[in-house]
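Enquirer: Quick one, what's the 3D model for this:
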Amino acid sequence: MASLLRESHPLTLKVIRLARPSLANTQVLPADSADSVLAQALRDIEQNNPTQSGAVFSSDVQASDGMAAALDAQPLSETLVLPRAFGTMYLGETFGAHLCICNESALAVRDILVQISMQTTSQQVPLVDTGDAGRQLAGGQPLNLQVVHEIKELGAHVLACSITYLSAQGERRTLQKSFKFQVANPLVVKTKVNHLARDVLLEVQVHNATPTAMALERLRFDAAAPFAAEDLNTTAEDAPVWGSRAGFMQPGDVRQYLYRLRPQIDAENMTVEQERAVQYATALGKLDIVWRGPFGSIGRLQTSQLLRKSPGMFLIEIESARVLGRRVVVEEPFVARVRVRNVSEQRMAVVAAVNAHKHPMVVVCGPAQHALGDLEVGESAEFDLQLLALAPGVQRVGAVALVDSVSGYTREVDHLLDINVLSS
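Expert: Residues are numbered from 1 along each chain as shown. This is a model prediction of the structure:
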């Protein structure tokens, strides 16, 4: 069938993927002379980075007569190998191909129109379209083209090629060929969201799913409004947690990163509408990852919006809860100050009542009910709880009911804060 197809068309089309070479992989490497390019490069590495590279040549083979023996032990060679197969394409890489259209006949072919596109399950991207500017190829004359396309989707991809031409007999003909390949995911990204009051702690797990090592040049989180991101992946000396800016990852390696998302507006200056926007926001932001593979091949991956399940908000929010004083001692009274805020859409008359039997290790030794008065929308108020701890250790303070006497709305707060009770 292929031979008949070649005979029926004077034009032939050959496609080769443009890919970087790789180092030859041999068990026994030939000995290089002391003046070779590889020997000089290894010598420069040892001289310029004596503590990082280690001893490239052992002390007993530093002399020129032992240089060949040292190079025989190196796993690298100056020989480069071109890829023998198409290989694997990964999401975020750039696909490049060289196309050669050749007139295999002895007669000229006129009005050659070339259309090349990349087809996926969701779209078709044109790469080459010569339009109405037809070309002519004499007998044996080639036409070389190159196409480049950034891979942004997973799954099957088809490089569709269509060549329309006018044969020597004046017949309008079309040569069509397609080349199909799969695109795999180079990085597996998993996230976990933890809420800390208005802030969000975002854990990101990155897994190298390729069979080769890669160097992460950049892993940046771009927060979505109304958040601003804080990178928690550096030490106090501003050094990366993983010990290298490049972030080398071997095949199968997994790394975890942590980001803290804070509202762009301070809580003190935040209106009720802005408070709702923060609490009900589901989009957190996007990860922008740039890496390099073998021979410096570059890849870039930007995730879709990372989402969370909105925690929502109560009509009466607890802004803060803290203990007045430096320490809490068992069987000695102490005061916990609580600040609440009306985040509803109407005025409230809030009453705070404490359930004295909910947490028996911390009991109320003062008023069990506090009338906070009328709170307008966005207004805050404070009340003090006089408490007594009956046992040492970490104890929970809570069991407070916040009631709006106007609408009847009630919020039960089981946990306000934890305290460390000292024995003396």
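Enquirer: which residues touch the most centrally placed residue in the chain?
Expert: Most central in the chain under Cα atoms, centre = their mean is Leu287, positioned 3.7 Å from the mean C-alpha point. Residues in contact with Leu287 (Cβ atoms under 8 Å, 6 or more residues apart in numbering) are Val189, Val204, Leu219, Arg220, Phe221, Asp222, Leu301, Gln302, Thr303, Leu306. In short, each C-beta sits where N, CA and C put it, glycine included.
Enquirer: Between those residues, which sits nearest Ile163?
Expert: The closest of those to Ile163 turns out to be Leu301 (Cβ to Cβ; 33.9 Å).
Enquirer: thinking the closest one is in contact with Lys286, fair?
Expert: No: here Leu301 does not reach Lys286: they are 10.2 Å apart, not a contact under Cβ atoms under 8 Å.
Enquirer: which one of those two has more residues nearby?
Expert: When neighbours are counted by other Cβ atoms under 10 Å, Leu301 and Lys286 differ, and Leu301 comes out ahead with 21 against 15.
Enquirer: With Gln141 as the reference, measure out to the more buried one.
Expert: Taking Cβ to Cβ, to the nearest Å as the measure, Leu301 falls 41 Å from Gln141.
Enquirer: next one: Glu230
Expert: Distance, Glu230 to Gln141, using Cβ to Cβ: 61 Å.
Enquirer: now swap in Phe334 and tell me
Expert: Phe334 sits 94 Å away from Gln141, going by Cβ to Cβ.
Enquirer: quick one, which of these two is more surrounded?
Expert: A count of neighbours by other Cβ under 10 Å puts Phe334 above the other of Phe334 and Gln141, at 20 against 13.
Enquirer: which SSE is Gln40 in?
Expert: helix 37-48 (DSSP states H and E).
Enquirer: quick revisit: report the rounded mean pLDDT for the helix or strand hosting the residue nearest to the centre of the chain.
Expert: Assigned by DSSP H and E, Leu287 falls within strand 283-292. The predicted model assigns strand 283-292 a mean pLDDT of 93.
Enquirer: strands paired with it, and their directions?
Expert: strand 214-223 (antiparallel), strand 298-302 (antiparallel), strand 306-307 (antiparallel) (DSSP bridges).
Enquirer: Quick one: closest of those to Val147.
Expert: strand 298-302 (17.9 Å).
Enquirer: Could you tell me which residues within the closest one count as buried?
Expert: Gly299, Arg300, Leu301 (16 or more other Cβ atoms under 10 Å).
Enquirer: Determine how far it lies from the middle of the whole chain.
Expert: 10 Å (Cα atoms, centre = their mean, to the nearest Å).
Enquirer: now stretch 305-315
Expert: 21 Å.
Enquirer: just the helices in the stretch 201-350 of the chain please.
Expert: Taking DSSP state H, counting those that start in this stretch as the test, the helices found in the stretch 201-350 of the chain are 272-279.
Enquirer: okay, Ala68: pLDDT?
Expert: pLDDT, Ala68: 50.
Enquirer: and if you look at Leu175?
Expert: Looking at Leu175, its pLDDT is 91.
Enquirer: For the closest residue to it other than its chain neighbours, give me its contacts.
Expert: With sequence-adjacent residues excluded and distances taken as Cβ to Cβ, 6 or more residues apart in numbering, Leu175 is closest to Ile163, at 4.4 Å. Neighbouring residues of Ile163 by Cβ under 8 Å, 6+ apart: Leu11, Leu13, Ile101, Ile112, Leu113, Val114, Gln115, Thr174, Leu175, Gln176.
Enquirer: burial count for the second one?
Expert: By other Cβ under 10 Å, 19 other residues sit near Leu13.
Enquirer: got it, and the first one?
Expert: Neighbour count for Leu11, taken as other Cβ under 10 Å: 19.
Enquirer: Please report the distance of Gln123 from Glu153.
Expert: 8 Å.
Enquirer: Between these two, which has more neighbouring residues?
Expert: Glu153 (13 against 10).
Enquirer: residues in contact with that one?
Expert: By Cβ under 8 Å, 6+ apart, the neighbours of Glu153 are Leu91, Thr120, Thr121, Ser122, Gln123, Val183.
Enquirer: top of the residues you listed by neighbour count?
Expert: So for the contacts of Glu153 (other Cβ under 10 Å), the most neighbours sit at Val183, 20 neighbours.
Enquirer: any idea how far that one lies from Met348?
Expert: 56 Å.
Enquirer: same deal with Tyr257?
Expert: Applying Cβ to Cβ to Tyr257 and Met348 gives a distance of 42 Å.
Enquirer: For those two, indicate the residue with more neighbours.
Expert: Using other Cβ under 10 Å as the criterion, Tyr257 and Met348 rank with Met348 on top: 26 against 19.
Enquirer: Does that one touch Ile316 like I think?
Expert: Yes: the pair Met348 and Ile316 qualifies as a contact (Cβ under 8 Å) at a distance of 7.1 Å.
Enquirer: Give the residues shared as contacts by the two.
Expert: Common contacts of Met348 and Ile316, defined by Cβ under 8 Å, 6+ apart, comprise Asn342, Asp404, Tyr409.
Enquirer: Below-threshold pLDDT in the stretch 201-350 of the chain: ranges please.
Expert: Along the stretch 201-350 of the chain, the model assigns pLDDT under 70 to residues 236, 238-246.
Enquirer: if we go to 80?
Expert: Along the stretch 201-350 of the chain, the parts satisfying pLDDT under 80 run over 234-247, 267-269.
Enquirer: beta partners of Leu201?
Expert: Applying DSSP bridges to Leu201 gives these bridge partners: Asn194, Arg260.
Enquirer: what about it, neighbour count?
Expert: Neighbours around Leu201, by other Cβ under 10 Å: 14.
Enquirer: In this structure it contacts Val193, no?
Expert: Yes: look at Leu201 against Val193 with Cβ under 8 Å: they come within range, at 7.4 Å.
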